[in-house]
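1. any chance you can model this:
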Amino acid sequence: MEELIKELDKNLKVDNYSVEGKSIMFEVSSTRETAACPFCGKESPYVHSKYTRSFQDLPIQNKKVTINLANRKFLCKNPVCIHTTFAERFDFIKHKAKKTNRLEEEIYNIAVNVSSLTAAGILNKHTADIGKSTVFNVLKKRAFCE
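-> Numbering: from 1, shown residues only. Coordinates of the predicted model:
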């Protein structure tokens, strides 16, 4: 299971996982010793606190995947930065997103060819728990970005 999570980010490790029915839940944490402040770019080793960030990823063996990440908040010690704390960020998921980038890509690839309602039905069977409004929002974001 460790190899599957490392596909998202090589600095993640699996703390625990469970398989129940048609779903897999991972509990993961970062092994990085520092994180860069997204506002000023300065690296910080000072952990302020932790919180659990939950999001969905692509399915494994037709089982829906939920990942609970023990996300850390760091202190920014740069005296010219106006932010005193920041959350650790990862390339595989946008800030505050509930789905990985690769899951959003899969949603888009299906939704671009069918209605939002049909796409939500297809995706809910084996891919992820989403509604038609999520499908519509993914399409809308993509339209404004291109």
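
2. how near is N101 to N78?
-> N101 sits 28 Å away from N78, taking CB to CB, to the nearest Å as the criterion. The C-beta positions use only the backbone N, C-alpha and C, and glycine is treated the same way.

3. please name the bridge partners of the residue lying closest to Y46 once chain neighbours are set aside.
-> Of all residues not flanking Y46 in the chain, L75 sits nearest, at 4.1 Å (CB to CB, 6 or more residues apart in numbering). For L75, the beta-bridge partners are T85 (DSSP bridges).

4. next, count neighbours for L75.
-> 15 (other CB atoms under 10 Å).

5. where does it land on pLDDT?
-> L75 is assigned 97 on the pLDDT scale.

6. do C145 as well
-> pLDDT, C145: 69.

7. host element of P59?
-> Counting by DSSP states H and E, the element that carries P59 is strand 47-60.

8. next: I110.
-> helix 101-111.

9. now do that helix: distance to the chain's middle.
-> 13 Å (CA atoms, centre = their mean, to the nearest Å).

10. state the mean pLDDT of the following helix or strand past that helix.
-> Under the assignment DSSP H and E, the closest C-terminal helix or strand after helix 101-111 is helix 116-126. Helix 116-126 carries an average pLDDT of 90.

11. which helices and strands sit right next to helix 116-126?
-> On a contact count with 3 or more CB pairs under 8 Å, 6 or more residues apart in numbering; DSSP states H and E, helix 116-126 meets helix 101-111, helix 132-145.

12. could you chop the protein up by domain?
-> Domain segmentation of the chain under automatic domain parsing yields 1-92, 99-146.

13. where among the ones you listed is average confidence lowest?
-> Lowest mean pLDDT of the domains of the chain: domain 99-146, a mean of 89.

14. how about the contacts made by T85?
-> 48, 73-76 (CB atoms under 8 Å, 6 or more residues apart in numbering).
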